[in-house]
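*Asks:* The following block contains a protein sequence and its predicted model.
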Amino acid sequence: MTIPALSRELATALQQRIDSRTKPLGSLGRLESIALQVGLIQQTITPQINAPRIAVFAGDHGAAKAGVGAYPQEVTTQMVQNFLAGGASINVLARQASLDLVVVDTGVASDIPCAANSDVDYVVAKQAYGTANYIEEAAMSIAQRDAAITQGKALVAQWHKSGCNAIGFGEMGIGNTSTASLLTHFITGTPLDEVIGRGAGLDDQGLARKRSLLAQAARRVAGRKLSALDALAEFGGFEVATMVGAFLGAAEARMLIVVDGFIVTSALLVAHAMEPAVLDYCIFAHGSAEPGHRAQLKHLRAEPLLELGMRLGEGTGAATAFPLIRAALACMNEMAGFADAGVSEASQA
């Protein structure tokens, strides 16, 4: 699969439509560039968001049992249950933004029954009951990695077929900021210590332990030149690998992709290494407070839409950004033009 770069054929017509609305040129700032980008993705001068959803990919990490995070591994299961019960932050924000929510179990360490009355879609797509401990061995086999990527593509194809043309990515997995740190280090070349943060709230002692364990994991592959796909197998989570496929599948289907924070962007680093044009389809929702996110954004030459100091994950940044994206398209589609409204345009002299 090769994802083509966006055709610029409609760019002039889109820009003329944006500029002809009853406002000074460029006065809506980023909203105008969003409208232009979505118009190019959809190849229309009247872009629309249809059946948008947030997909939360969940999986457990063997390294969590070694103490890389602040919470025990079973919190992944507990939080997925909270999602299905409708009580998590992403549930609230998705409801507020009128977004469908789907939770994808890619490798949670427990089987989780879905409540019959849940309004959250729940997809079981387990590759295994968590990854191996990457401090001692590869997190997953090549076969598992490739199966997860394939699964991600297939899921997005189903959602697109049902009418969804815009998807925000989220994740859940105790220990996955550590995975994101290692992937960011190996893919961007940023020193490991610079991309390790406190995750879900480590104190100073916990942060020192996390740095020590991740340095040990990195030494395990010392001397090897890892590709992005190699790094994914060595240190990834099943939720990350499935997101890689979902990114690629969404871009192939010409869907708008709304990128959340640090862990989601670590999956995008891999997808970008495979198919650089995937970035054309992405809006970066926010700048995470996790330090490694800055290295990721710099590597991808990306500018986040929001700066709110958020670092929760779950897709909460993506859900928060969706109303702004809708507003950008509404301005393009619903605002009167100068000629229609009988408003004089600015003099070009």
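*Replies:* Okay, I see it. Owing to the predicted nature of the structure, the values given are computational and were not obtained by experimental measurement.
*Asks:* Quick check: pLDDT value at T44.
*Replies:* The model reports T44 with a pLDDT of 95.
*Asks:* Correction: the previous question concerned A336.
*Replies:* Value for A336, per-residue pLDDT: 89.
*Asks:* now swap in D204 and tell me
*Replies:* 87.
*Asks:* Show me which positions of the helix or strand encompassing R17 end up buried.
*Replies:* Under the criterion of DSSP states H and E, R17 resides in helix 11-19. Going by neighbour count (16 or more other C-beta atoms under 10 Å), the buried part of helix 11-19 is 14, 17-18. No exception for glycine: its C-beta is placed from N, CA and C like everyone else's.
*Asks:* Turn those residues into CSV, including pLDDT and distance to G59.
*Replies:* Shown next, in CSV, are these (pLDDT from 0 to 100; distance: C-beta to C-beta, whole Å):
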residue, pLDDT, distance to G59
L14, 94, 39
R17, 94, 43
I18, 92, 41
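*Asks:* Between the residues you listed, which sits nearest D100?
*Replies:* L14 (27.5 Å; C-beta to C-beta).
*Asks:* Name the nearest residue to the closest one, ignoring sequence neighbours.
*Replies:* If the residues on either side of it in the chain are set aside, L14 comes closest to G39, at 4.4 Å by C-beta to C-beta, 6 or more residues apart in numbering.
*Asks:* same thing with G175?
*Replies:* For G175, the spatially nearest residue (C-beta to C-beta, 6+ apart) is A64, at 3.5 Å.
*Asks:* what residues are up against that neighbour?
*Replies:* 72-73, 174-175 (C-beta atoms under 8 Å, 6 or more residues apart in numbering).
*Asks:* and with 7 Å instead?
*Replies:* Applying C-beta atoms under 7 Å, 6 or more residues apart in numbering to A64 gives the contacts 73, 174-175.
*Asks:* G175 now?
*Replies:* Contacts of G175 by C-beta under 7 Å, 6+ apart are 61, 63-64, 68-69.
*Asks:* Can you show me the helices along the stretch 201-349 of the chain?
*Replies:* Counting by DSSP state H, counting those that start in this stretch, the stretch 201-349 of the chain has helices at residues 204-220, 228-235, 238-252, 262-274, 291-300, 316-334, 338-341.
*Asks:* Out of the ones you listed, which gets nearest to G86?
*Replies:* Of those, the one closest to G86 (C-beta to C-beta) turns out to be helix 316-334, at 14.0 Å.
*Asks:* rewinding a little: how about the contacts of G175 in JSON lines, adding distance to Y122 and pLDDT?
*Replies:* Listed next are the contacts of G175 as JSON lines, based on distance: C-beta to C-beta, whole Å; pLDDT from 0 to 100:
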{"residue": "H61", "distance to Y122": "21", "pLDDT": "96"}
{"residue": "A63", "distance to Y122": "26", "pLDDT": "93"}
{"residue": "A64", "distance to Y122": "22", "pLDDT": "90"}
{"residue": "V68", "distance to Y122": "27", "pLDDT": "79"}
{"residue": "G69", "distance to Y122": "24", "pLDDT": "73"}
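*Asks:* what's the spacing between I135 and G67?
*Replies:* With the distance defined as C-beta to C-beta, to the nearest Å, I135 ends up 10 Å from G67.
*Asks:* swap that for D260, please
*Replies:* 25 Å.
*Asks:* Tell me the helices and strands packed up against the strand or helix carrying I187.
*Replies:* Using DSSP H and E, I187 sits within helix 176-188. Judged by 3 or more C-beta pairs under 7 Å, 6 or more residues apart in numbering; DSSP states H and E, helix 176-188 is in contact with helix 204-220, helix 228-235, helix 238-252, helix 262-274, helix 291-300.
*Asks:* go again using 6 Å as the cut-off
*Replies:* helix 228-235, helix 262-274, helix 291-300 (3 or more C-beta pairs under 6 Å, 6 or more residues apart in numbering; DSSP states H and E).
*Asks:* Which stretch among those helices is buried most, on average?
*Replies:* Comparing these by mean neighbour count (mean count of other C-beta atoms under 10 Å), helix 262-274 ranks first with a mean of 26.
*Asks:* tilt between that one and helix 316-334?
*Replies:* 70 degrees (axes from the mean of the first three to the mean of the last three C-alpha atoms, to 10 degrees).
*Asks:* Dump the contacts of G175 to JSON lines, plus secondary structure and distance to S33.
*Replies:* Supplementary listing: these in JSON lines, determined by DSSP: H, G, I helix; E, B strand; the rest coil; distance: C-beta to C-beta, whole Å:
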{"residue": "H61", "secondary structure": "coil", "distance to S33": "37"}
{"residue": "A63", "secondary structure": "helix", "distance to S33": "39"}
{"residue": "A64", "secondary structure": "helix", "distance to S33": "39"}
{"residue": "V68", "secondary structure": "coil", "distance to S33": "38"}
{"residue": "G69", "secondary structure": "coil", "distance to S33": "37"}
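*Asks:* hmm, which of the residues you listed are the buried ones?
*Replies:* For the contacts of G175, buried by 16+ other C-beta under 10 Å: 61, 63-64, 68-69.
*Asks:* which one among the residues you listed gets closest to V278?
*Replies:* Nearest member of these to V278, counting by C-beta to C-beta, is H61, at 24.5 Å.
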